[in-house]
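**Q** Starting from these lines, generate the structure:
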Amino acid sequence: MHSISLKMPDPLAIRLEDAARQKGVSKPALIRDALEAYLQADRAERGEN
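**A** Here you go, the predicted structure:
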């Protein structure tokens with residue numbers, strides 16, 4: 001698995017932490033899920049399989 005580092009504004013980091021806690025998942029897992037959903041939606045929007 002590859003690793004990536006990113007910086008985000010404090011308000012976004014707080015929202016991420018809250019959402020991860022509510023869902024009972026780690027922050028990295030939530031970020032992976034959100035990125036996958038975004039990429040799938042983008043692919044569908046462009047008509048790709």
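**Q** Please tell me how far the residue nearest to A19 when sequence neighbours are not counted sits from E45.
**A** Distances taken as CB to CB, 6 or more residues apart in numbering place L30 nearest to A19, at 6.0 Å, with adjacent residues excluded. From N, CA and C alone the C-beta is placed, and that goes for glycine too. As judged by CB to CB, to the nearest Å, L30 and E45 stand 22 Å apart.
**Q** Likewise for I31?
**A** 21 Å.
**Q** Then A13?
**A** 28 Å.
**Q** quick one: which of the two has more around it?
**A** A13 (12 against 8; other CB atoms under 10 Å).
**Q** Who are the contact partners of the spatially most central residue of the chain?
**A** Central residue of the chain (CA atoms, centre = their mean): I31, 2.4 Å from the mean position. Counting by CB atoms under 8 Å, 6 or more residues apart in numbering, I31 touches L16.
**Q** What helix or strand is it located in?
**A** I31 is part of helix 27-45 when elements are defined by DSSP states H and E.
**Q** Can you give me the buried ones in that helix?
**A** 30-31 (16 or more other CB atoms under 10 Å).
**Q** average pLDDT for that helix?
**A** For helix 27-45, mean pLDDT rounds to 95.
**Q** how distant is it from the center of its chain?
**A** 6 Å (CA atoms, centre = their mean, to the nearest Å).
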